[in-house]
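Enquirer: A predicted structure for the sequence below; I have some questions about it.
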Amino acid sequence: MVLKNVLSGIEDLKAKGNLDIDIKGITHNSREVKEGYLFVAIKGFDSDGHKYVKSAIENGAIAVMVEELDKAELKEDVTVIVTKNSRADLAKVASNFYGNPASKLKLIGVTGTKGKTTVTFMIKAILEKQGLKTGLIGTVANYIGSENLGESERTTPDSLELQKLFARMVEEKVDVVVMEVSSQSLKLHRVDTISFDVGMFTNFSRDHISDREHPTMEDYFDSKLKLFYMSKVGYINIDDVNVAKLKKIDLPCEIRTYGIDNVADLIAEDITVTNSEVDFKVKIDGRKERVKTGIPGKFSVYNSLAAICARNSFWGR
């Protein structure tokens, strides 16, 4: 793809060199650079990608994206793009390079301190029962239908790997992708450029508080909140006092609720919990249905309700 098209839609860039060159690939790892690649230098927690610009050029990079020129060892025949935030712009160039594949998929994003993995697998099972080819991206592994694409390195892949994965799912005619969206992925721009058809917030409690992740609970919450500025509709656990705050925030998407103890759009009733399962009644498609889940515990009711909400977003309420 021509470099100027790879950079389409990115503002406040400064460029030196030829923007009409053909980019064969993109990476932020200098060891993965091949002839004709764009190398994006990112300041990480443990190392600064600007230190490896020289190595990337030696490996064949014909263009580099940097934040600081004085840290990069450059050559005259290499095109240089200077940006204010290379991590954020990596998401944009990756989306452009792979043809904005997320726009060709229905996307369900699930965030929360606990329950993300279980909820995504529940949603996948329900959608596949409805005849939809479903992709899954999450902590355990990534899937296209029944095909396991291998173990995941992190809950939500970095933006480059994510866009590549979306592109593969488009090629394999996936209808819906359900994915875990971590607070780190939201904070570190991994899911920038993506519009989610459905956003879900399972629960919120103290976790991931550190210098490397979130310095405060406020930062942790605000990071998760970003999902609902990227979603067309949001479903939240109204029984979680922290998650319920979303009802009072002016968000661009409609917020719908599920719960047990408080008034909600989808509410579980007549709950029975045993050592081997839970079952409850819930109103689906205008009639009361009994739902059984082979995972004991009240939390399974909440996870099941979240999965039902995702199903209802495609087939009524």
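Expert: Everything's here; your move.
Enquirer: contacts only, for residue 178.
Expert: 107, 108, 110, 120, 123, 124, 127, 134, 135, 136, 137, 310 (Cβ atoms under 8 Å, 6 or more residues apart in numbering). The way it works is simple: take the backbone N, C-alpha and C, and place the C-beta from them, glycine included.
Enquirer: give me the mean pLDDT for the strand or helix carrying the fourth one.
Expert: Using DSSP states H and E, residue 120 falls within helix 116-129. Confidence over helix 116-129, taken as the mean pLDDT, stands at 96.
Enquirer: now do it: everything it contacts.
Expert: Contacts of helix 116-129 (Cβ under 8 Å, 6+ apart): 108, 110, 112, 134, 136, 138-140, 143, 145, 155, 175-176, 178-182, 200, 202, 295, 300, 303-304, 306-308, 310-311, 314.
Enquirer: show me just the buried residues among these.
Expert: The neighbour count (16 or more other Cβ atoms under 10 Å) marks 108, 110, 112, 134, 136, 138, 143, 145, 155, 175-176, 178-182, 200, 202, 300, 303-304, 306-308, 310-311, 314 as buried among these.
Enquirer: my guess is residue 187 meets residue 224, correct?
Expert: No. Between residue 187 and residue 224 there is no contact under Cβ atoms under 8 Å: 9.1 Å.
Enquirer: after the host helix or strand of residue 257 comes which helix or strand?
Expert: Taking DSSP H and E as the criterion, residue 257 maps to strand 254-259. Going down the chain from strand 254-259, the next helix or strand is strand 266-267, by DSSP H and E.
Enquirer: the helix or strand harbouring residue 235 versus strand 254-259: what angle between them?
Expert: Residue 235 belongs to strand 231-237 when elements are defined using DSSP H and E. If you take axes from the mean of the first three to the mean of the last three Cα atoms, to 10 degrees, strand 231-237 sits at 20 degrees to strand 254-259.
Enquirer: what's next to strand 231-237, contact-wise?
Expert: By Cβ under 8 Å, 6+ apart, strand 231-237 touches 109, 112, 195-203, 227-228, 243-244, 246-247, 251, 253-259, 302, 305-306, 309-310, 313.
Enquirer: and the average pLDDT for that strand is what?
Expert: For strand 231-237, the per-residue pLDDT values average out at 98.
Enquirer: return the set of buried residues in that strand.
Expert: By neighbour count on 16+ other Cβ under 10 Å, the buried set for strand 231-237 is 231, 233, 234, 235, 236, 237.
Enquirer: which residue, other than its chain neighbours, is closest to residue 185?
Expert: residue 156 (3.5 Å; Cβ to Cβ, 6 or more residues apart in numbering).
Enquirer: ok now the helix holding residue 120, how far from the chain's centre?
Expert: Relative to the centre of its chain, helix 116-129 is centred 16 Å away, using Cα atoms, centre = their mean, to the nearest Å.
Enquirer: same question for stretch 74-93.
Expert: Stretch 74-93 sits 23 Å away from the centroid of its parent chain (Cα atoms, centre = their mean).
Enquirer: got the domain boundaries for this protein?
Expert: The chain breaks down into these domains under automatic domain parsing: 3-97, 101-312.
Enquirer: what about residue 60, how many residues nearby?
Expert: Look at residue 60: counted by other Cβ atoms under 10 Å, it has 14 neighbours.
Enquirer: how many other residues sit next to the closest residue to it other than its chain neighbours?
Expert: Once flanking residues are discounted, residue 60 sits nearest to residue 35: 3.7 Å by Cβ to Cβ, 6+ apart. Counted with other Cβ under 10 Å, residues neighbouring residue 35 total 10.
Enquirer: hmm, residue 35 is touching residue 24, no?
Expert: Yes. In this structure, residue 35 is within contact of residue 24 by Cβ under 8 Å, at 6.9 Å.
Enquirer: how about the residue of the chain positioned farthest from its centre, what does it touch?
Expert: Most distant residue from the mean C-alpha position of the chain: residue 76, 37.5 Å away (Cα atoms, centre = their mean). Listed by Cβ under 8 Å, 6+ apart, residue 76 has no contact partners.
Enquirer: quick check: mean pLDDT of stretch 145-156?
Expert: Summarised as a single mean, pLDDT over stretch 145-156 is 90.
Enquirer: go ahead and name everything in contact with it.
Expert: Here stretch 145-156 makes contact (Cβ under 8 Å, 6+ apart) with 116, 128, 133-135, 137-143, 162, 165, 172, 174, 179-182, 184-185, 190-191.
Enquirer: and stretch 215-222, by the same measure?
Expert: The contact list for stretch 215-222, computed with Cβ under 8 Å, 6+ apart, reads 183, 187, 204, 206, 207, 208, 209, 213, 214, 242.
Enquirer: residue 244: what secondary structure?
Expert: helix (DSSP: H, G, I helix; E, B strand; the rest coil).
Enquirer: could you check how far the nearest residue to it once chain neighbours are set aside is from residue 253?
Expert: Ranked by Cβ to Cβ, 6+ apart and with sequence neighbours excluded, the top spatial neighbour of residue 244 is residue 238, at 5.3 Å. As for residue 238, its distance to residue 253 is 16 Å (criterion: Cβ to Cβ, to the nearest Å).
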